[in-house]
Each structure stands twice: as structure tokens, then as C-alpha cells.
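# Quick one: sequence plus predicted model below, questions after.
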Amino acid sequence: MAISKMQEKFISQQNELRFRINCKDTFNIDSVKLIAGVDLAYWNDNNEQEHAVCCIVIIDKATHKMVEVKSYSDKIEIPYMPGFLSFRELPLIIKTSELLENKPDIFMFDGNGYLHPRHMGIATHASFYLNTPTIGVAKTYYRVEKNLDYIEPDFSSGSYTDIVYNNEVYGRVLRTHDNVRPVFVSIGNNISLDTAVMLTMDMVDSESRIPIPTRLADLETHKERKKIMNEQVH
């Protein structure tokens, strides 16, 4: 399939950044106090212009309590193209992060990071602008190669299998509760996969298989989207 000039440009940018990814911890795990969850929700207005709202929710790692929530909405100018999601979402994520009054120790994304054909999912790409370690936790599986399936982990909480392609680990299939569908964890940047999985498990409660920061960010985006759409109608 032929790629567009825009895609060529995006691939070039992704390939430049991929060599700066650090797959090791740049912090002491005991120093992690605040974890931010990031998510976006989309809609089209009456003129079929696409919009999105980004929400960032900061959670206290020890208490699992919400410390702060910020949101920012704007038009989306970049069309959806598989493998290039970050170019749609980064402008809103950066703007929302600039509103934060607290500095998170980790950003956790509802999406992928290293689990991407060029290791440049949203969690990884955003790390170069947030200057903070990042983790990707996706609810659904993203194939980095069309015939690459994953191996189901055992059905007990904490069980996992690695997603391996060309002898390289791209991510991890993680069961966060007994007998629930797994999530797909990958590093973003400046963190190891083992630590990313450990923090993901630390941030899961009995409410959901999804870690608290991204689950609450998801809920906030839906609330904000509804509010904004109501305002646009009236």
C-alpha cells in the first residue's frame, strides 16, 4: 500500500526519536508518589469537524486517591491513520499537561508505547515532550505485524506472557485480576517493562481490570465530552 507524504514525514520523525528510547528505569521506585493517567475522547460537531478532549488525572500512588484533574479540548486536524495516533493526540496532551499544578512521577497512557511497529506509540512519543517516565496500558491488542498473535497468560491475577517479534520483547500481556480479559502493557520511555508491569498492578483495584489512573481519565473524558457537546448545542 502506498504511503502519503504526510505518512513519510511522520515515519521519519518516529525513526529519529526511536533511537532515544531508554528501556531502563531512570528513577527509584520508592520515589514514585504521583501517577498521572491520560486519555482522550472524540466527537464531530454539526459541520463534521472532529474535536477531542484530553483529560489527565493524577492519582496518589499510596492512597489511590485523586489529587488533580485537568482537561483541554480542541479541533483535530490530523486524520486517523494506524500507527500515527500520537500526531493527532500530542497537541492536546501537551496543552493539558501544561495546566497541571502537580508534577507526576509517571504518566500512564490508555494506549501503547513500545508496542508499535517503530516503537513509537503515544506513550513513547509523548515522553519526549513530558520529560517524565511513561507507560502504555492498552485495553485491546495492537498488532505490530499482521500475523503476530499473542499467547494468553494463565487466568490468575498477575500472570503474563511477553509479546515477542524478531527476538525482541515489544510488550506484555497482563492479567490484572483472576479470569478477566488481559491488558497490554508496554514501556513508554525511561522505564523498564518489569517496573511498568509492577506499577500497573499496584494501580489496579477491585473496580476494574484497568489501572485507576487511565480508568478515571477515561471517565473524565466522557464527562467533559458530554458537557462540551451540550454547550455547543445551546
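Done, it's in.
# residue boundaries of the helices in the protein?
5-18, 85-97, 122-130, 193-202, 212-233 (DSSP state H).
# could you pull out the strands for the protein?
34-44, 50-60, 66-75, 106-109, 134-138, 160-165, 168-174, 183-189 (DSSP state E).
# residues making contact with the helix or strand of the chain with the lowest mean pLDDT?
The helix or strand of the chain with the poorest confidence is helix 212-233; it has a mean of 93 (mean pLDDT, DSSP states H and E). Residues outside helix 212-233 that contact it (C-beta atoms under 8 Å, 6 or more residues apart in numbering): 35-43, 45-46, 51, 53-59, 64, 66, 69, 71, 73, 108-110, 137, 203-205, 207-208, 210. Quick note: C-beta positions are derived from backbone N, CA and C, even for glycine.
# can we see that at 6 Å?
Residues outside helix 212-233 that contact it (C-beta atoms under 6 Å, 6 or more residues apart in numbering): 35, 37-39, 41, 43, 53, 55, 57, 59, 64, 69, 71, 73, 108, 110, 137, 203, 208.
# tell me the angle of it relative to helix 193-202?
Helix 212-233 and helix 193-202 are oriented at 70 degrees to each other (axes from the mean of the first three to the mean of the last three C-alpha atoms, to 10 degrees).
# Can you point out the buried residues in helix 212-233?
Buried positions in helix 212-233, judged by neighbour count with 16 or more other C-beta atoms under 10 Å: 212, 213, 214, 215, 216, 217, 218, 220, 221, 224, 225, 228.
# out of these, who's nearest residue 181?
Residue 181 lies nearest to residue 215 out of those, by C-beta to C-beta, at 14.1 Å.
# JSON lines for the helices of the chain, including distance to residue 141?
Listed next are these as JSON lines, based on distance: least, C-beta to C-beta, whole Å:
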{"stretch": "helix 5-18", "distance to residue 141": "20"}
{"stretch": "helix 85-97", "distance to residue 141": "15"}
{"stretch": "helix 122-130", "distance to residue 141": "15"}
{"stretch": "helix 193-202", "distance to residue 141": "16"}
{"stretch": "helix 212-233", "distance to residue 141": "16"}
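# what's the distance between residue 171 and residue 131?
Using C-beta to C-beta, to the nearest Å, residue 171 is found at 23 Å from residue 131.
# out of these two, which sits in the busier spot?
residue 171 (30 against 10; other C-beta atoms under 10 Å).
# residue contacts, the more buried one?
Residue 171 neighbours (C-beta under 6 Å, 6+ apart): 115, 163, 184, 186.
# correct me, but the third one touches residue 138?
It stands for residue 184. Yes: using C-beta atoms under 6 Å, residue 184 is in contact with residue 138, at 4.4 Å.
# got a pLDDT number for residue 46?
Looking at residue 46, its pLDDT reads 84.
# Check residue 119 too.
97.
# circling back: adding distance to residue 27, write the strands of the chain out as JSON lines.
Compiled in JSON lines, the strands of the chain are given as follows (distance: least, C-beta to C-beta, whole Å):
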{"stretch": "strand 34-44", "distance to residue 27": "12"}
{"stretch": "strand 50-60", "distance to residue 27": "17"}
{"stretch": "strand 66-75", "distance to residue 27": "19"}
{"stretch": "strand 106-109", "distance to residue 27": "8"}
{"stretch": "strand 134-138", "distance to residue 27": "12"}
{"stretch": "strand 160-165", "distance to residue 27": "22"}
{"stretch": "strand 168-174", "distance to residue 27": "20"}
{"stretch": "strand 183-189", "distance to residue 27": "12"}
